[in-house]
Every structure is written in C-alpha cells, then in structure tokens.
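[1] Got a predicted model here, sequence first, then my questions.
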Amino acid sequence: MTVFARVPGLRVEAVGGAWAAFSPASGETLLLNDTSAAILEVLAEEPLAIAAVADRLAADSGVPKGDVAALLADHWPQLVEAGLVRQAGQAPA
C-alpha cells in the first residue's frame, strides 16, 4: 500500500471560507476546499496510506468511512497533480 506525504515546505492557511496552499514544488498558490485542506492537515502529522487518511477523517467527522473514502478518491489525484502531496514509500505489510 502506497504511503503519501505532504511536500516539504508546504504551507496551508485559512483565507475567508476557503484555504490557500503554497507548494514549493510548483511555486504556485492554490485555493482549496475544506476536504482537501483536511487531507493535508492529516498528512501534516505523518505520511499515511489513503485508507489511513480516510480512517482519521471519518473518526474526526463522524461521517462513515466508505463515504469519506469515496470523497478522497475525487480529491487525491488533484492534490498529487498540484504538487501538494507526493508518494513517500510503501506501508509495512
């Protein structure tokens, strides 16, 4: 299972009702919604597999894990493509 991490030096700040993220990997600042910001917040603690991120967000929000996992599937590729998240290895078996 692939483990993901925030890119080093990533900054995420609240801006009104949205979130702004600066990626030193791309040199760009992007606006994020609450879901993407929550993913990055969880990954700030430690690199994790997508399933572990879903577990933590489900526990924090009270939303069923299956619903959270489906939501992550929509956001994850965009976070990787934007240079905010990168692969950080494989989880131990």
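    Looks like it arrived, so ask away.

[2] Can you name the residues that contact P64?
    P64 makes contacts with A58, as judged by C-beta atoms under 8 Å, 6 or more residues apart in numbering. In short, each C-beta sits where N, CA and C put it, glycine included.

[3] again, but for the one 5 residues further on
    Under the criterion of C-beta under 8 Å, 6+ apart, the contact partners of A69 comprise 50-51, 54.

[4] how does it look with 7 Å?
    By C-beta atoms under 7 Å, 6 or more residues apart in numbering, A69 lies in contact with A54.

[5] Count the neighbours of G9 for me.
    By the measure other C-beta atoms under 10 Å, the count of residues near G9 is 9.

[6] same thing with G89?
    Residues lying near G89 (other C-beta under 10 Å) number 10.

[7] Tell me which stretches of the chain form helices.
    With DSSP state H as the criterion, the chain has helices at 34-45, 50-61, 65-81.

[8] Ok, which of the ones you listed comes nearest A88?
    Across the helices of the chain, A88 has its closest neighbour in helix 34-45 (9.2 Å, C-beta to C-beta).

[9] Tell me the helices and strands packed up against the closest one.
    In terms of contacts (3 or more C-beta pairs under 7 Å, 6 or more residues apart in numbering; DSSP states H and E), helix 34-45 is packed against strand 2-6, helix 50-61, helix 65-81.

[10] Between the two ends of stretch 36-52, how far is it?
    15 Å (C-alpha to C-alpha, to the nearest Å).

[11] So for that stretch, what gets flagged as buried?
    In terms of neighbour count (16 or more other C-beta atoms under 10 Å), stretch 36-52 has its buried residues at 36-43, 47-48, 50, 52.

[12] Closest one to G9 out of these, please.
    Comparing the buried residues of stretch 36-52 against G9 with C-beta to C-beta places L40 closest, at 12.7 Å.

[13] And the buried residues of stretch 36-52, which is closest to A25?
    Nearest to A25 among the buried residues of stretch 36-52: L40, at 13.2 Å, using C-beta to C-beta.

[14] Can you give me the pLDDT of that closest one?
    With respect to pLDDT, L40 has a value of 95.
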